[in-house]
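[1] Just to be clear, the model below is a prediction. Sequence and coordinates:
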There are 2 protein chains.
Amino acid sequence: MNNSQLYKGSLSTVLLKLLKENGRMYGYEMTQKVKELTANEVVLNEGALYPALHKLEAEGLLTAEVVPVGNRMRKYYAITPKGQTETESRLAELEEFVKHMQLLLGAKLSLG
Amino acid sequence: MNNSQLYKGSLSTVLLKLLKENGRMYGYEMTQKVKELTANEVVLNEGALYPALHKLEAEGLLTAEVVPVGNRMRKYYAITPKGQTETESRLAELEEFVKHMQLLLGAKLSLG
DNA sequence: AATATATACCTAAATAGATTATGCATCAAT
DNA sequence: ATTGATGCATAATCTATTTAGGTATATATT
């Protein structure tokens, strides 16, 4: 993500949520989806994206499947059962973060 | 902050906001205030706090004044005019973050 | 008297999560 | 032929934080 648009630590939660919603996606597709959803305001940085995906895979939260499309390779990611649990957990953590911010910054932010 | 309770990058915004609300505070006081506001859920880590305060001072956003209280020293911090502008800017940035999260995670989070 | 807890500041080393800058390769369009 | 989009990746650097320590005074407990 560029320019501190998203706070550090939120990337993996975003990726898990994207995969939860879309079933299976490849990296480049995620960058486009994020752009689309945020009206080009958030740009997923590849140097952050790919290491993050690899880490989630290493943690057993995602599986990867390389699929040839034409002469190109796409690496599709999908959430594992363990990943599903973790997705809920990280989303809850993010809600906690917003709750804490609300408390610290004075009711300016709230859960919807 | 311990245990990823707050996302990285939010600390300085929290400190600026605390000082904005309270006029002038010293480091230890901030740790207690954060605990108090969050019902002991967020603990300000001193190893993060003091370097963050020093950085804000170096950036010209805070001034520091050492005051003896009994035999102890307290270092009171206050926001500079430049710091006031920056506080508003960082609070706005945090709102942007929440807005982006709302877009990416699906209307679960919202501005209040 | 000794010990623990609270107050009050600090820094150094390691870790983690990003950014920046590359590299490689295919494909479509000018 | 060269640019821009697609698609993956890593290495170097940056920066904020965590972890783990250090120093010292004050108060409460054993």
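    Cool, got the structure. Numbering: from 1, shown residues only, chains lettered A, B, ... in the order given.

[2] only C-alpha atoms for contact and neighbour calcs from this point on.
    OK.

[3] Provide a list of residues in contact with residue A:27.
    Residue A:27 sits next to A:49, A:50, A:75, A:76, A:77 when contact means C-alpha atoms under 8 Å, 6 or more residues apart in numbering or on different chains.

[4] mind listing the strands for chain A?
    Ranges of strands within chain A are A:24-26, A:62-69, A:72-79, A:109-111, based on DSSP state E.

[5] Taking the centroid of chain A, which residue is nearest it?
    residue A:15 (1.6 Å; C-alpha atoms, centre = their mean).

[6] what's the spacing between the residue nearest to residue A:24 when sequence neighbours are not counted and DNA strand C?
    Nearest non-adjacent residue to residue A:24, counting by C-alpha to C-alpha, 6 or more residues apart in numbering or on different chains: residue A:78, 4.8 Å away. Residue A:78 sits 18 Å away from DNA strand C, taking C-alpha to the nearest atom of the strand, to the nearest Å as the criterion.

[7] Throw the strands of chain A into TSV and include distance to residue A:92 and mean neighbour count, thanks.
    Listed next are the strands of chain A as TSV, based on distance: least, C-alpha to C-alpha, whole Å; neighbours: other C-alpha atoms under 10 Å in any protein chain shown:
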stretch	distance to residue A:92	mean neighbour count
strand A:24-26	22	19
strand A:62-69	19	14
strand A:72-79	17	18
strand A:109-111	11	19
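
[8] Using CSV, please lay out those strands together with mean pLDDT and distance to residue A:54.
    CSV is the format used below for those (pLDDT from 0 to 100; distance: least, C-alpha to C-alpha, whole Å):
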stretch, mean pLDDT, distance to residue A:54
strand A:24-26, 98, 12
strand A:62-69, 97, 9
strand A:72-79, 97, 10
strand A:109-111, 54, 31
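
[9] That concludes my questions; thank you for your assistance.
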